[in-house]
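>>> After the sequence you'll find the predicted model.
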Amino acid sequence: MYFKYPSQTTETLKNINLKINAGENIALVGKNGSGKTTLIKLLCGLYEITSGDILINGISIKDINIIKLREKIATVFQDFLRYEMTVRDNIGLGNLELINEDDKLKKVALDAGIYDAIEKMPKKFDTQLGMWFKEGTQFSGGQWQKIALARAFIRKAELIILDEPSSALDPLSEREMFDKFLQLTDRKIGLFITHRFINAKYATRIVVLDKGEIVEEGTHEELMKIGGQYKSLYDVQYNIYENQKVDIS
């Protein structure tokens with residue numbers, strides 16, 4: 001599969017050959033600009049491929065009703081939306097059929113790690129979020145991100161895609177979120193982009209992209225043994241964290 005943006009002269013993605021099975025959690029890693037986000041947008045049907053095909057259960061994505069396809073996909077992108085609406089609406093927009101089902105809202109809020117914060121709010125699920133309105137309550141960046149995760153989790157999705165899902169989360173919330181993500185994607189497909197290589201270790205398979213091509217695939221242990229690009233990037237990040245010092249006086 002190949003893809004080129006209309007304004008570009010070279011392909012953003014080229015020679016992509018990737019098979020993903022139900023029950024897998026795939027981590028997409030690579031340097032900035034390697035094509036990770038473009039790849040997941042193609043899977044969501046947001047762009048049309050330049051050449052080649054994407055097959056879903058053997059059927060070309062071109063032959064699948066795009067609305068029906070997107071009903072089976074839940075995504076949280078880096079630039080997720082913060083709706084100046086109630087907590088209920090912010091989460092329920094992921095599945096309007098369940099917007100008034102408090103037990104369902106509670107479950108996904110617990111899964112996303114935001115339920116305790118909601119319970120402390122004046123009107124709980126009916127609390128206004130954002131500062132456009134006088135009675136609005138503002139969330140932190142990490143709390144907004146958890147709301148976006150809950151909105152994704154409430155969809156009846158077979159494919160859950162997270163693009164840098166933990167960028168605003170503290171380490172404990174990040175670990176809890178990935179544990180829950182693995183549970184939610186059991187017998188489904190989980191796909192996540194991360195620049196934190198410690199998170200990639202959760203994946204059943206890691207796919208490394210470079211300059212629009214897949215250059216390595218395997219588990220964390222397998223890729224570390226290969227000693228290629230993944231190991232180089234992992235070691236650089238590991239050493240940065242190991243050498244950080246904080247002096248407070």
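Yes, it's here. Computed from a prediction, not measured in an experiment: that's the story for all the values here. Numbering: from 1, shown residues only.
>>> If you count contacts, what does the helix or strand of the chain with the lowest mean pLDDT end up packed against?
Ranked by mean pLDDT, DSSP states H and E, the weakest helix or strand in the chain is helix 171-184, scoring a mean of 75. Helix 171-184 is packed against helix 102-112, helix 141-153, strand 159-163, strand 189-193, with contacts defined by 3 or more Cβ pairs under 8 Å, 6 or more residues apart in numbering; DSSP states H and E. Yep, even glycine has a C-beta here, placed from its N, CA and C like the rest.
>>> who's in contact with the third one?
What that stands for is strand 159-163. Strand 159-163 is contacted from outside by 36-37, 40, 43-44, 72-78, 149, 152-153, 181, 184-185, 188-193, using Cβ atoms under 8 Å, 6 or more residues apart in numbering.
>>> now do 7 Å
Strand 159-163 is contacted from outside by 37, 40, 72-78, 152, 181, 184-185, 188-193, using Cβ atoms under 7 Å, 6 or more residues apart in numbering.
>>> Now stretch 89-103: buried residues?
Across stretch 89-103, burial judged by 16 or more other Cβ atoms under 10 Å covers Asp89, Asn90, Ile91, Gly92, Gly94, Asn95, Leu98, Ile99.
>>> what does the domain assignment say about this protein?
Domain ranges of the chain: 1-72+159-218, 78-156, per automatic domain parsing.
>>> Distance to Tyr238 added to those domains, as a markdown table?
Listed next are the domains of the chain as a markdown table, based on distance: least, Cβ to Cβ, whole Å:
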| stretch | distance to Tyr238 |
| --- | --- |
| domain 1-72+159-218 | 8 |
| domain 78-156 | 23 |
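>>> follow-up on the earlier one: mind checking how far the least confident helix or strand of the chain is from the chain centre?
Mean C-alpha position of helix 171-184 versus that of the full chain (Cα atoms, centre = their mean, to the nearest Å) differs by 12 Å.
>>> Ok, stretch 219-238 next?
Mean-position distance between stretch 219-238 and its chain equals 22 Å (Cα atoms, centre = their mean).
>>> Going by neighbour count, which residues in it are buried?
Of all the residues in stretch 219-238, those buried under the rule 16+ other Cβ under 10 Å are His220, Leu223, Gln229, Tyr230, Lys231, Leu233, Tyr234.
>>> ditto for stretch 101-117
Residues of stretch 101-117 classed as buried by neighbour count (16+ other Cβ under 10 Å): Lys104, Leu105, Lys106, Lys107, Val108, Ala109, Asp111, Ala112, Gly113, Ile114, Tyr115, Ala117.
>>> Return the member of those residues nearest to Phe133.
Minimum distance to Phe133 across the buried residues of stretch 101-117 is 18.9 Å, recorded for Ala117 (Cβ to Cβ).
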